[in-house]
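Colleague: Here's my sequence, what's the structure:
(chains A and B)
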Protein chains: 2
Amino acid sequence: MQHQRRLFLTFLLFTVFHYSRAQAPPQWQEVQPGIWKATAGKPEKISLLGAAGAKPNLTALVTLPKAPFPLAKTDISVRVIDGKTYLRFPLEEGEQLFGLGLNFQTVNQRGRIMELHVDHYGSKDNGRTHAPVPFYVSSKGYGVLVDAARYITVYAGTAVRTDAKHPPVLRDRNTDKKWEAQPYSDAVEMLVPAEGATLYVFAGPTPMNVVQRYNLMNGGGYLPPKWGLGFTQRVPTLYSQDDILKEVQSFEEHNFPLDFIGVEPGWHSMAYPCTFEWEKTRFPDPKGFLKKLADKGISANLWMNPYVSPVGTLYPKIKPFTGSHTVWNGIVPDFTLPQARQLFKEHFMSQHLNIGVGGYKIDEVDGYDNWIWPDVATFPSGTSAEQMRQTYGLMVQQMTGSWFREINKRTYGLVRASNAGASSFPYVIYNDYYSHKDFITALVNSSFIGVLWTPEVRASKTAEEWVRRMQSVCFSPMAMLNAWADGTKPWSFPEVEQAVSDVANLRMQLLPYLYSTFAQYRFEGKPPFRAMNLVEGFGFKSVTVAGTFDATANPYAMSIKKDIKDQYMMGDYLLVAPMFAGEKSREVYLPQGKWYDFYTGKEVGENQVITVTPALDKIPLFVKDGALIPMVPPHRQAPKAGETLPLTVRHYGTASGSFQLYDDDGTTFDFEKGSYSFTQLTVSKTADGKLKGDMAAPANGKPFGYSKEIKWEFMTP
Amino acid sequence: MQHQRRLFLTFLLFTVFHYSRAQAPPQWQEVQPGIWKATAGKPEKISLLGAAGAKPNLTALVTLPKAPFPLAKTDISVRVIDGKTYLRFPLEEGEQLFGLGLNFQTVNQRGRIMELHVDHYGSKDNGRTHAPVPFYVSSKGYGVLVDAARYITVYAGTAVRTDAKHPPVLRDRNTDKKWEAQPYSDAVEMLVPAEGATLYVFAGPTPMNVVQRYNLMNGGGYLPPKWGLGFTQRVPTLYSQDDILKEVQSFEEHNFPLDFIGVEPGWHSMAYPCTFEWEKTRFPDPKGFLKKLADKGISANLWMNPYVSPVGTLYPKIKPFTGSHTVWNGIVPDFTLPQARQLFKEHFMSQHLNIGVGGYKIDEVDGYDNWIWPDVATFPSGTSAEQMRQTYGLMVQQMTGSWFREINKRTYGLVRASNAGASSFPYVIYNDYYSHKDFITALVNSSFIGVLWTPEVRASKTAEEWVRRMQSVCFSPMAMLNAWADGTKPWSFPEVEQAVSDVANLRMQLLPYLYSTFAQYRFEGKPPFRAMNLVEGFGFKSVTVAGTFDATANPYAMSIKKDIKDQYMMGDYLLVAPMFAGEKSREVYLPQGKWYDFYTGKEVGENQVITVTPALDKIPLFVKDGALIPMVPPHRQAPKAGETLPLTVRHYGTASGSFQLYDDDGTTFDFEKGSYSFTQLTVSKTADGKLKGDMAAPANGKPFGYSKEIKWEFMTP
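Modeller: Residues are numbered from 1 along each chain as shown, chains lettered A, B, ... in the order given. Predicted coordinates for the structure are as follows:
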């Protein structure tokens, strides 16, 4: 008894001590309009935003609606215990959470547990993905970012504290059918395995405003060169310079659009690991080869991974600045060191950029674990393997992007890993996963987290799958056929060659609309391809369907959440509802306001779910009432600087409307010094109720690549 | 230039500082015969072996072969960097690695990356499993254990250091067909996210000796009560005491073996969370009910999870000793605190043990993440959620096991989570996963890591599946039909009732063999159910098959490893090769030495792969040359203390042989005080070359439950 009492006293003392460590509430400081920052514990030297190195676009941020701090500050809890940071943010009933990385299967992340970890996507939305951005957007119109280059565990409305403000109802599983395997949780909790992190809270009021603030804080979105929005083909491994020139010629022969070409492994003197030096039998004259491509208006994009082969000239120089472990026998540069960056720059500038290379496909910076450096690797800067893993994709994007900026040439490439702070990087994420439906869900989710994604086409089992995949990739940030392994061409299925050609041409026709949409990304922070959840008037509430009990497959009768994850917006006006092989019809969820068929101009509905049964040669596209869609005639390549194209502006529906048509030289960063134009297109009703189109005078002396005579097409009868 | 030089100097200084932190090599101390211990950094207060609390069986350890430290000490590296422990152990070419948790799909773990994490099994061998034991056994005959209650990341021969002693060959993927996605690695590397760990190295010389040392260091294996090796049925949820008594009666009517019965949710006044108090309408008289069962020779096993419901009497008392988060609204006891353990003990003793409850099924201590406490939970003892997750199953097993030991009554139950140090615990692991084949692979793998596993039967789609599952569960540590959800009975498929009855009776006939086999586990550390890799003369080398390139499904042409994972040994002599539904034949890998069909005694082969096509009513069983298999007549229940059964001893093959027949009272721990007998059975060749059986005189005054007249059956003509 004496013993027990002593134990109890010891315990009480310990408890008092333990809980007295509760820490001061975070001090929130408004660092940008509608963006608050707070410090939890001692943030580390290496961070995501630090690695990305972007600067906020204050000019644009001040134009967003003023908004107060969007959460009750007292409901946010921050504690550091034993070198780890514990975070808690409140949740309300019915709130949905978007973001938390490039997810492929789900949109609303409430109810999920994730460990955010840069990795190849392994077919589960568990946090391991190419861009595990620790940022979420609430349907209530606010956002939270945790800036820490660590494997952060997120409990997105799953953990239930004993002292929860809104505890779940106590139920008996034996007798109460409403018993739930996952009881209601009123908080997002996160564990950052580091003794601090920098936190950001973003105000809305709308989810789109949150995303805009996030993107603008990270420099605004990237504006690709015009050619980047044209079509691209990646050639098979081991293609020689002659093979590639023949490939280009075959695109001419098929009159198929082609703006840039991807050179896959085979151009390095060794890969993988890589030398980043031209292989002399396949590429005896790289400079001449690139010149020939340029003469045909084609830019070249080089595949690479950053692991340095012992047989190249870069190896001995960079060896001191590399990590303890190899990747496929290649050494791993420590890009936190200026020396490593400088050596790469010198090598790449002289070998590639100075002779005309237009961009890179940066492979293998995501993982996966089976070959990337292990978490036990060490690096000469002292950066841990974990921090390196979370930031490597960011650093490589930042570094390579800065080279092109230095020579005032916009690039547009591919990367397999990214993270927070990447909005302004000239890269589109891709992977091997190849589920067409999930590729579309990734496109939806990319819009929440400041990254771009391409649902690339490689091969297909049937002509139907081929055309359906080609259609959706033409409505994505990069219209790419990646034939590195298969050698497929756009016309590989002759029975659908025309349909594939049609959709590629449609993309080319839509370039004025698409380029202006990317300008919105750059100047306003609005993602070019958008989840429906970012659209005002999209009233869909994530539906939870009670699970069906199955003693083996679902013994806890876990419920299933339904999302709208197979349709999205391209810009403000175009709703894209891709078709998938094997499906003859599909449902489309239309937000509030009237919607019209893109092809016919006919009204299709408003604020409702419709079912469409499109022909094989059409991807379902719907346009908002009052929309203006500027288009040009089909053309094989994006216009070059100084080129002038005839403009047709389509109007849909019965409402008046307007459009800001953006233009610049299409290739340089001169637009950042003011060398660009926004030209207002307007459709209004005349006194007799008819619709009439107008174009404001293009700004004097600024780039404007369209003829001044516009053809107006009123699509809705 | 000046600037660059300064940067470089700073960098050099940093590097020198960084690498000068290389730490002193670990000091290995032989703490038990053939077991060395070393300390890396500062091990934490909470550890796996600490939570398990087992004491070594020195008496048995000294009987194992003397052996030197099995590795080159200089090839072992230990470093602590930024609060994490980095470990590296050498690997040789051709070496296979076994263990590293209860894996369900693979046996040889070389080439895998795992994060060892107590969790439900999610269909990938990635470290998340019910018993993620950080222990591996090498085919070269040594073992390594890392005692740390953390999520340890293991690179089991995947990571390649730039300074590797045996680096992989440099290859060009473009031109060299031998290029591998995973280059050769000569080390196991591990990351322990804590500033220290205790390390153990186990000598062989055989893999079986390694496992024996591991089990004996952890107290030796558990010897179940005899009834624990009989048949058990778990009744459906919400069954009342009367329902259960009727269930028992139906077993009598079908003349089907039944030794203990599992009471599923419905006996608590609330579950889940649990009150651990009897529900009064279904169980008006628990004591009388248990007495009636005992009168029929039946022991009762109660389902529970340890999360305490607010409506029970335990709740207010234990509340101060529970964690920050709830599980299904239940509070989570901090079992590192003596107060929590004491309160549980008082409650359980008075409610259950004192009125005759025979054991528990401890559910939900594995996870999974969706409902168990999150890693952001805190506990009053200061133990982190991660440490608690890794040790909870151990602590609950240790605690409940000690209650039964206190009343000198052996128990035998079920648990969903375990870890290192569990060999001597009276529990068998189970889960919901229900792949018959993978259940067998788990049984194989359980033998490396000191745990028991049951491939429980629940329901089946066909009679064929039913009988095949019933056959294999009767050759496992617990012959269980778990009908909590389905209400299935052994005779649910009348067309195979006889075959099911036959195999259950065969298990009962084999009890003398099986009980002696468990005595080996207890006294020698040999697992009762064994991977073939632990058998001397098993010459199978894990085969790696080159992967087939597929641009989408396998773009890196990852190779596939082939294992023998669907057959195992029960004890020294019986090879079990279960059949699976849909298969009419199977291959069986026979180790060196001649092998005989169990049923006919006919020779089937030696050191070769044979194909067998057994009838539906037979599970393929093979017996080693010279084996003795002691058996008793079919009987519905394991013998009670004092009962005497007639003994038949089968002999197979042509070689002479012997068997140590173990016996004791079958229910108490008195055997630990010497109250047991080992009786030698021998078959030898007489002068005229005939076989002759002999039994040594049973030890005087020790328990021996067999008649002294033995029937010898020479099975091989």
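
Colleague: Tell me the buried residues in the longest strand along chain A?
Modeller: Secondary structure assigned by DSSP state E gives strand A:586-597 as the longest strand of chain A. When burial is assessed from 16 or more other Cβ atoms under 10 Å in any protein chain shown, strand A:586-597 yields the following buried residues: A:586, A:588-591, A:594-597. C-beta here means a position set from N, CA and C on the backbone, and glycine is covered the same way.

Colleague: Run the chain-centre distance for stretch A:179-190.
Modeller: 28 Å (Cα atoms, centre = their mean, to the nearest Å).

Colleague: can you give me the end-to-end distance of it?
Modeller: Using Cα to Cα, to the nearest Å, the end-to-end distance of stretch A:179-190 comes to 26 Å.

Colleague: If you count neighbours, what's buried in it?
Modeller: A:179-190.

Colleague: avg pLDDT for that stretch?
Modeller: Averaging pLDDT along stretch A:179-190 gives 96.

Colleague: And the helices in chain A?
Modeller: Here chain A has its helices, by DSSP state H, at A:2-19, A:48-52, A:58-61, A:207-217, A:241-253, A:286-295, A:314-318, A:338-351, A:385-406, A:436-446, A:463-473, A:497-509, A:511-524.

Colleague: Just name the most buried of the ones you listed.
Modeller: helix A:207-217 (a mean of 27; mean count of other Cβ atoms under 10 Å in any protein chain shown).

Colleague: re the thing from before, what's the closest of the helices of chain A to B:His130?
Modeller: helix A:385-406 (26.6 Å; Cβ to Cβ).

Colleague: Would you pull up how far that closest one lies from the middle of the chain?
Modeller: Distance, centroid of helix A:385-406 to centroid of chain: 16 Å (Cα atoms, centre = their mean).

Colleague: how deep is A:Glu643 tucked in, by neighbour count?
Modeller: Counted with other Cβ atoms under 10 Å in any protein chain shown, the neighbours of A:Glu643 add up to 13.

Colleague: How much space separates it from A:Lys702?
Modeller: 15 Å (Cβ to Cβ, to the nearest Å).

Colleague: residues in contact with the residue of the stretch 601-717 of chain A at minimum distance from chain B?
Modeller: Per Cβ to the nearest Cβ, the residue of the stretch 601-717 of chain A with the smallest distance to chain B is A:Ile619, at 22.1 Å. Each residue near A:Ile619 by Cβ atoms under 8 Å, 6 or more residues apart in numbering or on different chains is listed here: A:468, A:471-472, A:474-475, A:503, A:576-579.

Colleague: List just the nearest of the buried residues of stretch A:179-190 to chain B.
Modeller: Using Cβ to the nearest Cβ, those come closest to chain B at A:Glu189, 4.6 Å.

Colleague: Would you mind measuring from the closest one to B:Ala385?
Modeller: For A:Glu189, the distance to B:Ala385 - Cβ to Cβ - is 11 Å.

Colleague: can you pull the contacts of the residue of the stretch 551-700 of chain A found nearest chain B?
Modeller: Using Cβ to the nearest Cβ, the closest approach of the stretch 551-700 of chain A to chain B is made by A:Ala551 at 3.4 Å. Shown in contact with A:Ala551 (Cβ under 8 Å, 6+ apart): B:458-459, B:484-486.

Colleague: want to throw the residues you listed into CSV with neighbour count, distance to A:Val451 and pLDDT?
Modeller: CSV is the format used below for those (neighbours: other Cβ atoms under 10 Å in any protein chain shown; distance: Cβ to Cβ, whole Å; pLDDT from 0 to 100):
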residue, neighbour count, distance to A:Val451, pLDDT
B:Arg458, 19, 44, 96
B:Ala459, 19, 45, 95
B:Trp484, 23, 46, 93
B:Ala485, 18, 44, 90
B:Asp486, 16, 47, 90
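
Colleague: Would you mind trimming these to those in range of chain A?
Modeller: Restricting these to those near chain A by Cβ under 8 Å from any Cβ of the partner chain leaves B:458-459, B:484-486.

Colleague: Those in strands, which ones?
Modeller: Reading strands off the ones next to chain A among the contacts of A:Ala551, I find no matches (DSSP E).

Colleague: Of these, which pair is most distant in space?
Modeller: The widest separation within the ones next to chain A among the contacts of A:Ala551 (Cβ to Cβ) is 10.6 Å, between B:Ala459 and B:Trp484.

Colleague: Look at the residue in the stretch 101-250 of chain A positioned nearest to chain B and say how many residues are nearby.
Modeller: Residue nearest to chain B within the stretch 101-250 of chain A (Cβ to the nearest Cβ): A:Ala159, separated by 4.0 Å. Residues near A:Ala159, counting by other Cβ under 10 Å, number 27.

Colleague: Quick check: phi and psi on the residue nearest to it when sequence neighbours are not counted?
Modeller: Nearest residue to A:Ala159, sequence neighbours excluded (Cβ to Cβ, 6 or more residues apart in numbering or on different chains): B:Pro374, at 4.0 Å. Dihedral angles of B:Pro374 (phi, psi; degrees, to the nearest 10) stand at phi -80, psi 170.

Colleague: B:Pro374: how many residues sit nearby?
Modeller: Residues near B:Pro374, counting by other Cβ under 10 Å: 24.

Colleague: Enumerate every residue touching the residue in the stretch 251-400 of chain A positioned nearest to chain B.
Modeller: For the stretch 251-400 of chain A and chain B, the shortest gap (Cβ to the nearest Cβ) falls at A:Pro374, measuring 4.0 Å. By Cβ under 8 Å, 6+ apart, the contact list for A:Pro374 reads A:325, A:385, B:113, B:153, B:155, B:158-159, B:189, B:191.

Colleague: Ok, A:Asn209 next?
Modeller: Per Cβ under 8 Å, 6+ apart, neighbours of A:Asn209: A:34, A:64-65, A:67, A:141, A:203.

Colleague: run the last query once more with 10 Å
Modeller: A:34, A:64-65, A:67, A:137, A:141-143, A:202-203, A:525-526, A:534 (Cβ atoms under 10 Å, 6 or more residues apart in numbering or on different chains).

Colleague: before we move on, what about A:Pro477?
Modeller: For A:Pro477, the contacting residues are A:222, A:224, A:228-229, A:412, A:427-429, A:443, A:446, A:451-455, A:514, A:518, A:521, A:527-529, A:570, by Cβ under 10 Å, 6+ apart.

Colleague: Which residue, other than its chain neighbours, is closest to it?
Modeller: Per Cβ to Cβ, 6+ apart, closest to A:Pro477 is A:Leu452, 4.1 Å.

Colleague: bridging residues for the one you found?
Modeller: A:Val428 (DSSP bridges).

Colleague: ok so, going back, please list which of the buried residues of stretch A:179-190 are also close to chain B.
Modeller: A:179-183, A:185, A:187, A:189-190 (Cβ under 10 Å from any Cβ of the partner chain).

Colleague: so which pair among those is furthest apart in space?
Modeller: Using Cβ to Cβ, those span at most 27.5 Å, a distance reached by A:Trp179 and A:Met190.

Colleague: Relative to A:Tyr184, how far out is the residue of the stretch 101-250 of chain A closest to chain B?
Modeller: 11 Å.

Colleague: Same question for A:Asp625.
Modeller: 39 Å.

Colleague: repeat for A:Lys73
Modeller: Using Cβ to Cβ, A:Lys73 is found at 23 Å from A:Tyr184.
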